[in-house]
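>>> The following comprises the amino acid sequence and a computationally predicted model.
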Amino acid sequence: MPKTIDREELRRKLAGANPPALAEALPEKYFRDWHLPSARHLPHDEVARLAAAVLPDKAAEIVVYCASRSCQNSHVAAHRLEQLGYENVAVYAGGKQDWMEAGLPVERSETIAA
């Protein structure tokens, strides 16, 4: 089972010299609305198909998030990543709701880079 990470630990890691890869496990529409800075789009139901392209380094630290504590997409995606051999996966359980409530910066995009 993937470990969890809270907002403060995530903020500290993102500000560090070797930040984790962030992956949002929500459908494209929600990712396009806004996402955490530098996050990559990895829908929970497409992890097996997209993981190698979105997260090519299986040894890298990866943090997966979704909408809120009640959303399970991040847990599903993180579990699938582990099944695929990713070694250092965590879930930011508070997700977008926790991040936004803290007034932290976000990115918005009209299109998703390939």
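Thanks, I have the structure now. Nothing here was measured: the structure is a model prediction, and the numbers come from that model.
>>> Identify each buried residue in the biggest helix by length in the chain, please.
When the chain is parsed with DSSP state H, its longest helix is helix 73-83. Of the residues in helix 73-83, Asn73, Ser74, His75, Val76, Ala77, Ala78, His79, Arg80, Leu81 count as buried by neighbour count, 16 or more other C-beta atoms under 10 Å. In this view, the C-beta of every residue, glycine as well, is placed from N, C-alpha and C.
>>> so after it, what's the next helix or strand?
As assigned by DSSP states H and E, the chain's next helix or strand after helix 73-83 is strand 88-92.
>>> Now Met100: closest residue in space that isn't a chain neighbour?
Val106 (6.9 Å; C-beta to C-beta, 6 or more residues apart in numbering).
>>> still on that earlier bit, now, which of the buried residues of helix 73-83 sits nearest Ala90?
Among the buried residues of helix 73-83, Ala78 lies closest to Ala90 (C-beta to C-beta), at 7.3 Å.
>>> can you give me the helices for this protein?
Applying DSSP H to the chain gives helices spanning 7-15, 28-33, 47-54, 73-83, 95-101.
>>> distance between the fourth one and the chain's centre?
It refers to helix 73-83. On the basis of C-alpha atoms, centre = their mean, to the nearest Å, helix 73-83 sits 10 Å off its chain's mean C-alpha point.
>>> Pull the contacting residues for the residue nearest to Pro20 when sequence neighbours are not counted.
Of all residues not flanking Pro20 in the chain, Glu61 sits nearest, at 3.9 Å (C-beta to C-beta, 6+ apart). Listed by C-beta atoms under 8 Å, 6 or more residues apart in numbering, the contact set of Glu61 reads Lys13, Asn18, Pro20, Ala21, Asn88, Ala90.
>>> burial of Val91, as a residue count?
Here the number of neighbours of Val91 (other C-beta atoms under 10 Å) works out to 25.
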